[in-house]
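In: Requesting a structural model of the entry that follows:
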Amino acid sequence: MIDPDGYRPNVGIVLMHPDGRVFWARRVRRDGWQFPQGGMNTDETPLEAMYRELREETGLLPEHVAVLGVTPGWLRYRLPQRAIRRRDKMVCIGQKQVWFLLQLTGQEADLRLDLTDKPEFDHWRWVDFWYPLQHVVIFKRGVYASALKHLAPFARQIAGPAAIASPPPQAEPRNRYGQARRQARAGAGRRAD
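Out: Model prediction:
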């Protein structure tokens, strides 16, 4: 399902340990790490899609989690040009997502990545609440920042302000040579004397 603007409706899941760390998972056969997320079916509400994706990607059931918060409305990100499938009947240019913050109330042993024929993840770990902002693929960083900033107050109510401090300053995007863009722009504007 793709909306008229080219965005696929999707849900994102921030699964939080009671101490404030969040579930961070590695995609199967890739070195990319991310939060669980997935597309919505036409007959699903965001909450229904979230519980389905939670089960498919982590093995957790509704009784293993508590919903702490949700983002209002849709948060969007665009796919990089190389990832857009232009030959598809409906061209998807990105995702529009509703994000949920869940607290793990079950046991870590309830987490199972192998319950489907095609698992999404092959490894997971707990990381600092803000860690994903600097470690998710770059085209998702803006939506991750928006989601985490909105969900942080809900997380603080459980884990406390020390565990969920203020977000770190955003690292400046880097160019393809690994230089900060501001540095590269400053150098490019200088004249040789």
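
In: pLDDT weak spots in this structure?
Out: Where the chain drops to pLDDT under 70, the residues are 82-90, 170-193.

In: again, only using 80
Out: 31, 80-93, 168-193 (pLDDT under 80).

In: Tell me, how many residues neighbour the closest residue to Val127 other than its chain neighbours?
Out: The shortest distance from Val127 to any residue other than its chain neighbours is 4.4 Å, reached at Trp24 (Cβ to Cβ, 6 or more residues apart in numbering). Where C-beta positions appear, they are placed from N, C-alpha and C, glycine not excepted. As a burial measure, Trp24 scores 22 neighbours (other Cβ atoms under 10 Å).

In: which residues in this protein form strands?
Out: Remark: strands assigned in the chain by DSSP state E are 7-16, 22-27, 33-34, 37-39, 65-70, 75-78, 94-104, 121-127.

In: The last one versus strand 22-27: what angle between them?
Out: Orientation of strand 121-127 against strand 22-27 (axes from the mean of the first three to the mean of the last three Cα atoms, to 10 degrees) gives an angle of 150 degrees.

In: likewise the first one?
Out: Angle between the axes of strand 7-16 and strand 22-27 is 130 degrees (criterion: the same axes, to 10 degrees).

In: Same question for the longest one.
Out: Calculated by the same axes, to 10 degrees, strand 94-104 forms an angle of 130 degrees with strand 22-27.

In: do the fifth one as well
Out: Here strand 65-70 runs at 100 degrees with respect to strand 22-27, directions being taken by the same axes, to 10 degrees.

In: Show me the beta-bridge partners of the residue nearest to Val127.
Out: Arg125 (DSSP bridges).

In: show me the contacts for it.
Out: 33-35, 124-127, 131-132, 135 (Cβ atoms under 8 Å, 6 or more residues apart in numbering).

In: got the angle between the top helix by length along the chain and strand 94-104?
Out: Under DSSP state H, the helix in the chain containing the largest number of residues is helix 141-159. With the same axes, to 10 degrees applied, the angle from helix 141-159 to strand 94-104 works out at 20 degrees.

In: Offset the numbering so it begins at 49, please.
Out: Sure, I'll start numbering at 49, so the last one becomes helix 189-207.

In: what residues does helix 189-207 touch?
Out: So helix 189-207 is in contact with 60, 62, 64, 66-68, 83, 116-117, 119-120, 123-125, 143, 145, 147, 149, 151, 177-178, 180-181, 184, 211-212, 215, 218, going by Cβ under 8 Å, 6+ apart.

In: Off-centre distance for stretch 61-77?
Out: Remark: stretch 61-77 is offset 10 Å from the chain centroid, using Cα atoms, centre = their mean, to the nearest Å.

In: for that stretch, how far is the first residue from the last?
Out: 21 Å (Cα to Cα, to the nearest Å).
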